[in-house]
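Visitor: everything below, folded, please.
(2 chains)
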Amino acid sequence: MLTESEQLLISAAVDGELTPAEAKAFERLVMSEPEASRLFRQLKEASARLAALPKRTAPKDLAAKVMARVRPVAPARKVGSRAGFFLPYVIAASLFLAVTAGSFFFFRGPNHNNEQAQQNQLPPPDSNAVMPEVPVGDLVASAKPGAGEDGTVKPATDDGAIAKMPPVEVEPVVVVQAPKPLTPEEKDLIGSALMIESKPLKQVEPALPLILSALDFDKVEPQAKLKKELTADAGFRLNLFSKNTPVAVEHLQAAARQVGVSVFVEGLTAKRIKEPMALPYAMYVENLTADELTALLAALAKVVNEQSRPENILGAAHFVTADTPEHKDLKELLGVDWPVKVGKTFDGKAVSEGTLKEVVASVKKSGEKAAVVVTYAAKQNAGKSPEVRQFLEKRGDRKPGTVPLLIVVRPQG
Amino acid sequence: MNHDDRRLIAEVLAGNTAAFGELVTRYQDRLFNVAYRVLDNPDDAADVVQDVFVNAYQSLKAFKGDSELFTWLYRIAFNTAISFKRRKRGVVRIDGHGDDGGLDPEDRSLDTAPEASMERTEDERVLAEAMAKLSAEHRAVLVLKDIDGLKYEEIAEVMGVPIGTVRSRLHRARSELKSLLDPDAVGLVDAGGTEQAE
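Guide: Predicted coordinates:
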């Protein structure tokens, strides 16, 4: 009977996780114990059966669902110790501000208007209409029953008798008139808050990446989506995920040549693709229109779908509108700036079989369409290589109607 | 961590959410396969993988980058899957010390999942049935090692246990699976045996 430590040794051997010393111990154990050899074989077999289970792939819409969920939230930022330090002060300042603002509006509302009205309607302080001096006790007494009901104050004497004093006239109640509302030109920033015209809020469309299956590029509906996506003037990054990047990038070159694009492959990259090395590769093309790019991608899907296991060559495809990261990538890859915008590029027409052929013909006819392939992983400035220089020499000013596209073939899984 | 992952993470943290889409595409199949083999239900696996990516997105700032991104994602996936199972059918603890005081027994719910039995070979069906009878952590350790090919060190990181525990847990799981697949075989592991920790 094998001990537990011997069984663990055998299990680790099945996993190929033995240290050199353990490997020697395992060798000795197998030589001396037939049971050890049998257990090793059985465990190895169980492990192999599990390893042979088919790999399940995620549902096609999973990435889109995730992106829909993460879009509204920002990545959580860590609250540092400094933020914790300032927190009480921030709360105190907020409270102070709230109380100050509240007090201002509270006292400014009706009272402010009264003050203003009084300033407008009451006589000035140096007026002759001065109230006669009346003892405080008398004023208190006037509030008791017996006080005059005709609007006059009748001071009372200590013994309750009404003093024969001339009635004191009281100012009539002033009807407070609200001041005219301030016009915006008067620029009372706080008081005129309600006068500010509220502009309708703009609805912002978030730039969700277009996610497609690259194998569907030759189908009608995805092509329509592609056409619609390729309207942005800024250009795009297209991420193509592949289980075999060297083969995928070879097919991408073939597809580009099929539609009449000259492809320049950087020397070291050509060697890496041939070896083959499973690295990310990039193809950059900037002088094709949306129609021509759609044709190129359709040709790519077609050529890959003709292979025995197309799903091992191409998987998901992401379209992302070019922005700072893409500009930076191009600078690092080719040593050039991302081409400037030149205006609207898409005419809104749908791609049909007929127009696709026309597009291909026009590309072939122009003879100026070129693409360059470099290794994406090694972000060295490849601008010095002769192939890239050739591509750059053909690169003139960006033509109207063209869409720069950086295609990155990335390893999947 | 590889260069591409590092760059994409930096882009996400700089506000480029689309870069996160690339990370999702890169790892979704691998995570889904693992979740599917642990949960044995494609819908549950898809839900868990979605949650994993959303959690990862929200916690990306906390990811220090001193381990591989996929190891970090697996760790989230593992905990999410365990939580998912716990919510669904009772207490299952990753460390084997659940509220019920031990490892969870056979998971009957998995046998009845209609999707699970579809498009399967006979061998796959037999294996799935046997796997369903293992505890969640035994099933997970087998999936991570034999199906996904992680190393002991990586599994230890994902499961948050020492390498010695991985080694013993894996042996016990594999022996149990072997017994389930071949009932005539004599059990080689003492049922009362404890996991070895480093």
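Visitor: report how many residues lie close to the closest residue to A:T245 other than its chain neighbours.
Guide: Leaving aside its sequence neighbours, A:T245 sits nearest to A:V409 (Cβ to Cβ, 6 or more residues apart in numbering or on different chains; 5.0 Å). Bear in mind the C-beta positions are built from the backbone N, C-alpha and C, glycine included. Using other Cβ atoms under 10 Å in any protein chain shown, A:V409 has 29 neighbouring residues.
Visitor: parallel or antiparallel, list what pairs with the host helix or strand of A:V409.
Guide: Secondary structure from DSSP states H and E places A:V409 in strand A:405-411. Strand A:405-411 has the following strand partners under DSSP bridges: strand A:236-242 (parallel), strand A:281-285 (antiparallel).
Visitor: dump the first one to PDB, keeping only the CA atoms.
Guide: Extracted in PDB, the C-alpha atoms of strand A:236-242 (Å, rounded to 0.1, in the frame of the first residue of the first chain):
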ATOM      1  CA  PHE A 236     -10.200  53.500 -37.000                       C
ATOM      2  CA  ARG A 237      -8.400  50.800 -35.300                       C
ATOM      3  CA  LEU A 238      -9.600  47.300 -36.100                       C
ATOM      4  CA  ASN A 239      -8.700  44.600 -33.700                       C
ATOM      5  CA  LEU A 240      -8.800  41.100 -35.200                       C
ATOM      6  CA  PHE A 241      -8.500  38.300 -32.700                       C
ATOM      7  CA  SER A 242      -6.800  35.200 -34.000                       C
END
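Visitor: which bits of the stretch 301-413 of chain A sit near chain B?
Guide: Proximity of the stretch 301-413 of chain A to chain B (Cβ under 8 Å from any Cβ of the partner chain) is limited to residues A:315-316, A:318, A:320, A:323-325, A:377, A:410-413.
Visitor: which ones among those residues are found in strands?
Guide: If you go by DSSP state E, those have A:316, A:318, A:320, A:410-411 in strands.
Visitor: now, of the residues you listed, which are buried?
Guide: A:316, A:318, A:320, A:410-411 (16 or more other Cβ atoms under 10 Å in any protein chain shown).
Visitor: among those, which two are most distant?
Guide: Maximum pairwise distance in these, criterion Cβ to Cβ, is 18.0 Å, between A:V320 and A:P411.
Visitor: ok so, going back, quick check: the residue nearest to A:T245 vs A:L279, distance?
Guide: Here A:V409 is placed at a distance of 9 Å from A:L279 (Cβ to Cβ, to the nearest Å).
Visitor: shared neighbours of the two, anything?
Guide: Taking Cβ atoms under 8 Å, 6 or more residues apart in numbering or on different chains as the criterion, A:V409 and A:L279 both touch A:245, A:376.
Visitor: does anything pack onto the lengthiest helix in chain B? Which helices or strands?
Guide: Counting by DSSP state H, the longest helix found in chain B is helix B:17-39. Contacts defined by 3 or more Cβ pairs under 8 Å, 6 or more residues apart in numbering or on different chains; DSSP states H and E place helix B:17-39 against helix A:62-70, strand A:236-242, strand A:316-321, strand A:405-411, helix B:3-13, helix B:42-59, helix B:69-89, helix B:136-142.
Visitor: which one of those lies closest to A:E306?
Guide: Once the helices and strands packed on helix B:17-39 are compared by Cβ to Cβ, strand A:236-242 is nearest, at 16.1 Å.
Visitor: how about the helix or strand following that closest one: buried residues?
Guide: Where DSSP H and E defines the elements, the next helix or strand beyond strand A:236-242 is helix A:245-258. Buried residues in helix A:245-258, counted by 16+ other Cβ under 10 Å: A:245-253, A:255-256, A:258.
Visitor: got a list of what A:K384 touches?
Guide: Residues counted as contacts of A:K384 (Cβ under 8 Å, 6+ apart): none.
Visitor: list the beta-bridge partners for A:T289.
Guide: A:T402.
Visitor: wait, it touches A:P400, no?
Guide: No: using Cβ atoms under 8 Å, A:T289 and A:P400 do not qualify as a contacting pair, with a distance of 9.4 Å.
Visitor: what about A:K271, is that helix, strand or coil?
Guide: helix (DSSP: H, G, I helix; E, B strand; the rest coil).
Visitor: ok, A:L212 next?
Guide: strand.
Visitor: run a quick neighbour tally on it.
Guide: A:L212: 23 surrounding residues under other Cβ under 10 Å.
Visitor: hmm, A:A224 and it touching each other?
Guide: No: at 11.1 Å, A:L212 does not count as touching A:A224 under the criterion of Cβ under 8 Å.
Visitor: ok, now which ones touch the spatially closest residue to B:A140 that is not a sequence neighbour?
Guide: Spatially, and ignoring its direct neighbours in sequence, B:A140 is nearest to B:V38 (5.3 Å; Cβ to Cβ, 6+ apart). By Cβ under 8 Å, 6+ apart, the contact set of B:V38 is B:45, B:81, B:136, B:139-140, B:143.
Visitor: could I get those residues as CSV with pLDDT and neighbour count?
Guide: Output for the contacts of B:V38, formatted as CSV (pLDDT from 0 to 100; neighbours: other Cβ atoms under 10 Å in any protein chain shown):
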residue, pLDDT, neighbour count
B:A45, 92, 27
B:A81, 84, 27
B:A136, 84, 22
B:R139, 90, 25
B:A140, 90, 25
B:V143, 92, 24
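Visitor: what is the nearest of those residues to B:A62?
Guide: When the contacts of B:V38 are ranked by distance to B:A62 (Cβ to Cβ), B:A81 comes first, at 20.2 Å.
Visitor: where does the chain have low pLDDT?
Guide: As the question left the chain open, I've gone with chain A. Low-confidence segments of chain A, defined by pLDDT under 70: A:71-87, A:107-200, A:202-208, A:232-233, A:341-368, A:377-383, A:413.
Visitor: hmm, no, I was thinking of chain B.
Guide: Ranges of chain B meeting pLDDT under 70: B:88-120, B:183-198.
Visitor: and the helix or strand A:K331 falls within, what's buried?
Guide: Counting by DSSP H and E, the element that carries A:K331 is helix A:324-334. In terms of neighbour count (16+ other Cβ under 10 Å), helix A:324-334 has its buried residues at A:325-327, A:329-330, A:332-334.
Visitor: just stretch B:47-63 next, same as before
Guide: Of the residues in stretch B:47-63, those buried by neighbour count under the rule 16+ other Cβ under 10 Å are B:47-57, B:60, B:63.
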